[in-house]
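Q: Sequence first, predicted model second:
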Amino acid sequence: MAALHPYFREQQLVLRNRITGAWRRWPETLFHAIAWTVLAGVAVWALRRLDGDRIGLALRFVAEQPLPAGLGFAMLGFMLIRSHTLSLAQELRHGWWGAMPVAASTTRRSLLLTSLLFTTLANLAGAGVLLGIAAVSRKSQHWLPVLLLTHTVGLWLGAALGHASARRTHARPPRPRERDHSSAPVVPMPGQHAAGLRHFPEWQRRDALRRWRSGGRVWQLGAFALLIPGNEGLLSLAGLILLGISLIWYGLALRASEDVIVRSTALFAALPLPFPRLAHASVRYPFAAWLCAAALGGAGMGMQGATIPVAIGYGLVLGAASALALALTLRYRNRPRTARVRVVAEILLVISLAQVIGVFAVLAIPALIVRHYQVARSLR
């Protein structure tokens, strides 16, 4: 570890402390283990019911054109590694370790190692997906070797370019603030100011706008663009684009709102702020964003031929999942990663219950939200 940045020693200690904490909070750890076991079961169940031959036919068509597929994988590797390397480089320069006398060669070596590890994990994940599809396809020999090679070569080439681009961007002097992107909203939204915390919803909105205008979720937009079929009608294609972009934007807005809640915990720690006022202020902007995303997504589904009940159901499911995520963020505002893991685990739990008791499983969502809110209200 002497040849690497001391940041990695810090992360090793953090990991050890998290394992110790998980052992001490064994009921919560047991719940997470059960949830991930359920996730594995749902994944196996879904994999067995996939039409592997149909997916294999589409992948065979992709394998017949390795150059566009390789460019797509290279773009994915470029965006993933560039974003990860740039974030880590900024953390090492401007974070807690910024004032430490660490040699520049040590930092470069550490950044290169993390890029190699991250690319290896991404390569293994992509290969695992392809092998999983091949397991349910009867003629995978026609496309699997070509796609595995294309995926590996494209991903590593894109990752190398992404790492070099991140290093070059990080080496540049910082731009003046007046040339940076703006977080000022284009359209004012009246009624967003909560009593006592007038600027909290505006803080969430500006943070979401800053992330969106600075290229946040661009990799999701790129991946979505690669998945758009070319044989769709004009109206259906417009509806699909509207649905996808609105959902990606809403995911960014919700994550920004959750991060603001987490950051405000330390900012308001010394204030005699009642929890209901904090909770009321923190959900105003996510609620407005959900209304926009549900309306745009419902319109997009209608343009693709979906019925009105289906579009309404989409909005309700999106709102229920968002309310659960916000309730968990308020409960675990000092441990945001735990909140994100529990969101996935509890949604999968509801899906598993739906396989047993049908639509009555949706009643578990408001019960979970109320429970998390009550626990969050009791915290200090």
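A: Perfect, I can see it now.

Q: which residues of the stretch 1-150 of the chain fall in helices?
A: For the stretch 1-150 of the chain, the helices defined by DSSP state H, counting those that start in this stretch cover 6-24, 26-48, 52-63, 66-94, 104-135, 144-171.

Q: any idea how far Val350 lies from Leu30?
A: Remark: distance between Val350 and Leu30 (Cβ to Cβ, to the nearest Å) = 19 Å. Backbone N, C-alpha and C define where each C-beta goes, glycine included.

Q: neighbour-wise, which of the two wins?
A: Val350 (17 against 11; other Cβ atoms under 10 Å).

Q: ok, now how distant is the more buried one from Val344?
A: Summarising the geometry, the distance separating Val350 from Val344, computed by Cβ to Cβ, is 11 Å.

Q: can you check Ala253 too?
A: When Cβ to Cβ is applied, the distance between Ala253 and Val344 equals 19 Å.

Q: Between these two, point out the one with more neighbours.
A: Neighbour totals were compared for Ala253 and Val344, and Ala253 leads with 26 against 14 (other Cβ under 10 Å).

Q: That one touches Leu291, doesn't it?
A: No. Ala253 sits out of contact with Leu291 when judged by Cβ atoms under 8 Å, with a separation of 11.5 Å.

Q: neighbours of Arg340, just the number please.
A: When counting by other Cβ under 10 Å, one arrives at 16 neighbours for Arg340.

Q: I meant Ala225, not that one.
A: Here the neighbour count serves as a burial measure; for Ala225 (other Cβ under 10 Å) it reads 13.

Q: same deal with Leu161?
A: Counted by other Cβ under 10 Å, the residues lying close to Leu161 total 16.

Q: and if you look at Pro66?
A: 16.

Q: For the lowest-mean-pLDDT helix or strand in the chain, which outside residues touch it?
A: Taking mean pLDDT, DSSP states H and E as the measure, the chain has helix 218-227 as its least confident helix or strand, at a mean of 70. Counting by Cβ atoms under 8 Å, 6 or more residues apart in numbering, helix 218-227 makes contact with Gly72, Met75, Leu76, Met79, Leu80, Ser83, Gly244, Ile245, Ile248, Gly251, all of which sit outside it.

Q: contacting residues around the closest residue to the fifth one other than its chain neighbours?
A: Nearest-residue entry for Leu80: Ala122, 6.0 Å, with adjacent residues in sequence omitted and distances by Cβ to Cβ, 6 or more residues apart in numbering. When the contact criterion is Cβ under 8 Å, 6+ apart, the partners of Ala122 are Leu76, Gly77, Leu80, Leu155, Ala159.

Q: per-residue confidence at the third one?
A: On pLDDT, Leu80 comes in at 84.

Q: do the same with the last one
A: What the model reports as pLDDT for Ala159 is 91.

Q: Leaving out chain neighbours, which residue sits closest to Lys139?
A: Gly56 (6.0 Å).

Q: Does the one you found touch Leu147 like I think?
A: No. Applying Cβ under 8 Å as the test, Gly56 and Leu147 come out as separate, 10.4 Å apart.

Q: I'd like the average pLDDT over stretch 84-103.
A: Across stretch 84-103, the per-residue pLDDT values average to 80.

Q: I should have written stretch 109-116 there, sorry.
A: Stretch 109-116 shows a mean pLDDT of 89 in the predicted model.

Q: same question, stretch 268-285
A: Averaging pLDDT residue by residue across stretch 268-285 gives 82.

Q: Distance from the chain centre to that stretch, please.
A: With Cα atoms, centre = their mean, to the nearest Å as the basis, the distance from the averaged C-alpha position of stretch 268-285 to the chain average is 25 Å.

Q: looking at the chain, which residue lies furthest from center?
A: What lies farthest from the middle of the chain is Pro101; by Cα atoms, centre = their mean that is 34.1 Å.

Q: Okay, buried residues for the least confident helix or strand of the chain please.
A: Within helix 218-227, the residues that qualify as buried are Trp219, Gln220, Leu221, Ala223, Phe224, counting by 16 or more other Cβ atoms under 10 Å.
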